[in-house]
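Enquirer: sequence below, structure please.
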Amino acid sequence: MDRQSAGWVSGFVGVVIFSGSLPATRLAVTGFDPVFLTLARASIAGLLGVALLAVFRQKRPARNDVLSLAIVSLGVVVGFPLLTAMALKHITSAHSVVFIGLLPLATAIFAVLRGGERPRLAFWLYSCLGSALVAGFAMTQGGSASLAGDLLMLAAIALCGLGYAEGAALSRKLGGWQVISWALVLSLPIMLPLALFTMPASWSTIGGGAWAGLIYVSLFSMLIGFIFWYRGLALGGIAAVGQLQLLQPFMGLVLAASLLGEAVSIPMLLTTVGVVACVVGAKKSATKPQPC
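Expert: So this is what the prediction gives:
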């Protein structure tokens, strides 16, 4: 298998893993506080990251890479997990995956800003249309939606896009799995003590579903998924492999319906399709990034 094909395969596995993140988070917040869940998943993954870096004897990143790693940590270790966990206290995971349709666009925007590219007008038209579709869908939900939940999801998408773009650029230098491992290790001295401090007073009331959700988001969403994802970006190119994120809303809707029994409405599905179409158009209209 050539380098580019290996990147596509690795990136696809990463997207499949990430597709289960929101349904798993929805399960986890039925038993755990969103703040503790964020701290616990980062701490568990961080300890595993320490072990990986030690086993493979990885050199410490250069001093000028620490800021980039801090941005990755803020975006994908702290920001996205915390904000989505808080949002899923107000909205269903099926509702939240519509917002995931904006993630490729958010990643592209931060990549454009970071790379100093000048996208064509069509890029911004697709961007505005996609955002309008999501906002319109949220407003039509009435009592079944939550303004707080929707705003939290939008903030989560923005931070995640920043973390993806920064991590993808840094993976060219450090390697795919090393980026997420070092980002987790960087946050561990803060996350682990806080996780211990915010532990539930009693574990006996926490159901099996919440435990399963915690295990999934800690091992797969927080670490294993990123190993495949950043490796895919490094091997296959950010622009090409990044488009695989377009599959994530569909996979997430299927998981929400099949595992959690949540209703997936026709408007929700049509909105997701519309958002994905806008992201595809925006991707094609954007200035091509520098090759990896």
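
Enquirer: only C-alpha atoms for contact and neighbour calcs from this point on.
Expert: Noted.

Enquirer: quick one: mean pLDDT for stretch 249-265?
Expert: If you average the pLDDT over stretch 249-265, you get 75.

Enquirer: and it, how far out from the chain middle?
Expert: 17 Å (CA atoms, centre = their mean, to the nearest Å).

Enquirer: ok, now stretch 52-72?
Expert: In this view, stretch 52-72 has its centroid 20 Å away from the chain centroid, taken as CA atoms, centre = their mean.

Enquirer: now do the same end-to-end measure for that stretch.
Expert: Stretch 52-72 has an end-to-end distance of 18 Å (CA to CA, to the nearest Å).

Enquirer: contacts for stretch 175-192?
Expert: By CA atoms under 8 Å, 6 or more residues apart in numbering, the residues outside stretch 175-192 that reach it are 39-40, 42-43, 45-47, 49-50, 52-53, 69-70, 72-73, 77, 167-168, 170-171, 223, 226-234.

Enquirer: selecting buried members of those in ChimeraX, what would you type?
Expert: Only the buried members of the contacts of stretch 175-192 enter the following ChimeraX selection, criterion being 16 or more other CA atoms under 10 Å:
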select :39,40,42,43,45,46,49,50,52,53,69,70,72,73,77,167,168,170,171,223,226,227,228,229,230,231,232,233,234
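
Enquirer: filter the contacts of stretch 175-192 down to just the ones in helices.
Expert: Cross-referencing the contacts of stretch 175-192 against helices under DSSP state H gives 39-40, 42-43, 45-47, 49-50, 52-53, 69-70, 72, 167-168, 170-171, 226-234.

Enquirer: secondary structure class for residue 91?
Expert: coil (DSSP: H, G, I helix; E, B strand; the rest coil).

Enquirer: how much space separates it from residue 104?
Expert: Distance, residue 91 to residue 104, using CA to CA: 22 Å.

Enquirer: more crowded one of these two?
Expert: residue 104 (26 against 20; other CA atoms under 10 Å).

Enquirer: from the chain's centre, how far out does the helix or strand containing residue 136 sit?
Expert: Using DSSP states H and E, residue 136 sits within helix 121-139. Taking the mean of its C-alpha atoms, helix 121-139 sits 20 Å from the chain's own mean (CA atoms, centre = their mean).

Enquirer: what's it in contact with?
Expert: Residues contacting helix 121-139 (CA under 8 Å, 6+ apart): 98-99, 102, 105, 145, 147, 150, 267-268, 271, 274-275, 278-279, 281-286.

Enquirer: after the least confident helix or strand in the chain by mean pLDDT, which helix or strand is next?
Expert: Ranking every helix and strand in the chain by mean pLDDT, DSSP states H and E puts helix 238-242 at the bottom, with a mean of 67. Using DSSP H and E, the helix or strand that follows helix 238-242 in sequence is helix 248-260.

Enquirer: which helix or strand contains the residue sitting nearest the centre point of the chain?
Expert: Residue closest to the average C-alpha location in the chain (CA atoms, centre = their mean): residue 160, at 5.4 Å. Here residue 160 sits within helix 147-174, counting by DSSP H and E.

Enquirer: and the angle for that helix with helix 121-139?
Expert: Using axes from the mean of the first three to the mean of the last three CA atoms, to 10 degrees, the inter-axis angle of helix 147-174 relative to helix 121-139 is 140 degrees.

Enquirer: isn't residue 242 up against residue 234?
Expert: No. Applying CA atoms under 8 Å as the test, residue 242 and residue 234 come out as separate, 10.6 Å apart.

Enquirer: flag the shaky bits of the stretch 51-200 of the chain, pLDDT-wise.
Expert: Residues of the stretch 51-200 of the chain meeting the criterion pLDDT under 70: 114-119, 138-139, 141-145.

Enquirer: go again with 90.
Expert: Counting by pLDDT under 90, the stretch 51-200 of the chain has low-confidence residues at 59, 81, 84-150, 161, 164-177.

Enquirer: residue 195: how many residues sit nearby?
Expert: Residue 195: 21 surrounding residues under other CA under 10 Å.

Enquirer: name the nearest residue to it, ignoring sequence neighbours.
Expert: residue 39 (5.0 Å; CA to CA, 6 or more residues apart in numbering).

Enquirer: same check on residue 219?
Expert: Residue nearest to residue 219 in three dimensions, not counting chain neighbours: residue 45, with 6.1 Å by CA to CA, 6+ apart.

Enquirer: what about the one you found, distance to residue 177?
Expert: Remark: distance between residue 45 and residue 177 (CA to CA) = 12 Å.
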